[in-house]
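Novice: Prediction below, plus the sequence it came from.
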There are 2 protein chains.
Amino acid sequence: MSKEKAVVLLSGGLDSATALAIARAEGYRCYALSVDYGQRHGSELAAARRVAGSIGVEEHKILHLDLRPIGGSALTDATIEVPTRPTSGIPVTYVPARNTLLLSLALGWAEVLEAWEIYIGANAVDYSGYPDCRPEFMRAFERTANLATKAAVEGRGHFRIRTPLMELSKAEIIRKGAELGVDYSLTVSCYAADEQGRACGVCDSCRLRAKGFQEAGVPDPTPYRC
Amino acid sequence: MSKEKAVVLLSGGLDSATALAIARAEGYRCYALSVDYGQRHGSELAAARRVAGSIGVEEHKILHLDLRPIGGSALTDATIEVPTRPTSGIPVTYVPARNTLLLSLALGWAEVLEAWEIYIGANAVDYSGYPDCRPEFMRAFERTANLATKAAVEGRGHFRIRTPLMELSKAEIIRKGAELGVDYSLTVSCYAADEQGRACGVCDSCRLRAKGFQEAGVPDPTPYRC
């Protein structure tokens, strides 16, 4: 039991599943954290459970935080439609302060576990342009984390925000995950997946995912509903 | 309706009530945010409602996020006792990553509201030594907030973390609040308050509060249970 611990944010999507597989391959004992924040695609959480079971974690925790009272996103406000075509600028699927919040929750748990590594499957190549997926945000959060916490201030450890997918294209992420044996049929990326986790095929996230499989030359196992 | 908006984190304690009164006095339309995170002292939330009503806010939102599955603090883990005497170092009432998390939630709502000011009643003079109450933490979070959010990245505004109590002693906070008409009998600071909001008188938070009233020369309206 000498292996170091890592907390891995696990949404149930393709990217976070790959980040978890990488953390495992790098030798960490992994503690997966998912957050039920009232997102439309509740089937993501079922996918997170399947992925955690398939890749193997010490523990998988699901926290509940309903962000619908805050709204401001197509993912947390049912009155805002998920776009089915590319849009300019940062799309309406952006959830205000989501990664800051998810990383804060991961940080709290990591501090209790004395897990100094926090993995997040953020990517700034084939992505939706969300500001909180960029390297400069991650560096700023890491700095904040090490000022915020008792464990860091007392010198017991130094938190690192690990973003192994940051500079990879979607195709490179898929090839990497396939090498590590990730079963992508278990993952759900679609913003509008149905209860069975079947994808719409037309949202931003579906388009990026499908293009990734095509470019990677890896068969796409995604169940589509049409 | 030309006044600018501010989100104010409101715990129901003395400090956050004063921060809200200051934000109001500075001319902001205030949106109060409280978080039910499974803290022992649930009477704090009832106090937050009374304070919001008394001082006057545009809206008071209470979000629910149970941090007990994470634990690691006497405030969120019933098996860790709240100390009744001063302890050395950062006390066990420290909640892992709490202010990072609370500020993240405030940031999410502030972005939806286009409220560029976020008030928090943090104090680094008469305080419990929590690392996430220090100015360097607040500056790091502010930097993170402006990299994290669509509103900031698109140039619609710049978020500021406002800490009007940071450099004040507890006595100075109380004098300031008394001048602004804050009714401190509505607030609950005690870490182990009972359902009626009556204070224990012996925890760290009670001791700091009682000493503050004494030094301020303001009558202490706190209901004690013994």
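Specialist: Received, thanks.

Novice: if I look at A:Thr222, how far off is B:Gly201?
Specialist: The gap separating A:Thr222 from B:Gly201 is 61 Å, by Cβ to Cβ, to the nearest Å. (Each C-beta comes from the backbone N, C-alpha and C, glycine too.)

Novice: Between those two, which is the more surrounded one?
Specialist: For the pair A:Thr222 and B:Gly201, the greater number of neighbours falls to A:Thr222 (21 against 16), based on other Cβ atoms under 10 Å in any protein chain shown.

Novice: so that one, which of the three states?
Specialist: Classification of A:Thr222 using DSSP: H, G, I helix; E, B strand; the rest coil returns coil.

Novice: Which strands border the helix or strand hosting A:Leu33, and is each parallel or antiparallel?
Specialist: Using DSSP states H and E, the element containing A:Leu33 is strand A:29-36. Within its sheet, and counting by DSSP bridges, strand A:29-36 is paired with strand A:5-9 (parallel), strand A:59-64 (parallel).

Novice: Rebuild those strands as CSV, extending it with mean pLDDT.
Specialist: Output for these, formatted as CSV (pLDDT from 0 to 100):
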stretch, mean pLDDT
strand A:5-9, 98
strand A:59-64, 95
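
Novice: Save these as a markdown table, and put in mean neighbour count and distance to A:Gly212 too.
Specialist: Formatted as a markdown table, the strands paired with strand A:29-36 follow (neighbours: other Cβ atoms under 10 Å in any protein chain shown; distance: least, Cβ to Cβ, whole Å):
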| stretch | mean neighbour count | distance to A:Gly212 |
| --- | --- | --- |
| strand A:5-9 | 26 | 20 |
| strand A:59-64 | 16 | 25 |
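
Novice: Using TSV, lay out these together with distance to B:Asp183.
Specialist: Below are the strands paired with strand A:29-36 laid out as TSV (distance: least, Cβ to Cβ, whole Å):
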stretch	distance to B:Asp183
strand A:5-9	42
strand A:59-64	34
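
Novice: burial measure for A:Ala78, as a count.
Specialist: Neighbours of A:Ala78 (other Cβ under 10 Å): 11.

Novice: Then A:Ser104 would be within a helix, right?
Specialist: Yes: under three-state DSSP, A:Ser104 falls within a helix.

Novice: Give me the residue ranges of chain A where confidence is low.
Specialist: Low-confidence segments of chain A, defined by pLDDT under 70: A:1-2, A:40-41.

Novice: Helices along that one, start to end?
Specialist: Applying DSSP state H to chain A gives helices spanning A:14-25, A:43-55, A:98-113, A:135-148, A:150-153, A:170-179, A:204-216.

Novice: and of these, who's closest to B:Pro96?
Specialist: helix A:98-113 (4.0 Å; Cβ to Cβ).

Novice: Dump the C-alpha coordinates for that closest one into CSV.
Specialist: Only the C-alpha atoms of helix A:98-113 are listed here, as CSV (Å, rounded to 0.1, in the frame of the first residue of the first chain):
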residue,chain,number,x,y,z
ARG,A,98,-18.0,24.7,-13.1
ASN,A,99,-14.4,23.6,-13.1
THR,A,100,-13.5,25.9,-10.2
LEU,A,101,-16.3,24.3,-8.3
LEU,A,102,-15.4,20.7,-9.3
LEU,A,103,-11.7,21.3,-8.5
SER,A,104,-12.7,22.8,-5.1
LEU,A,105,-14.6,19.6,-4.2
ALA,A,106,-11.8,17.5,-5.4
LEU,A,107,-9.4,19.6,-3.3
GLY,A,108,-11.5,19.2,-0.2
TRP,A,109,-11.5,15.4,-0.5
ALA,A,110,-7.8,15.3,-1.6
GLU,A,111,-6.9,17.2,1.6
VAL,A,112,-8.7,14.7,3.8
LEU,A,113,-7.1,11.8,1.9
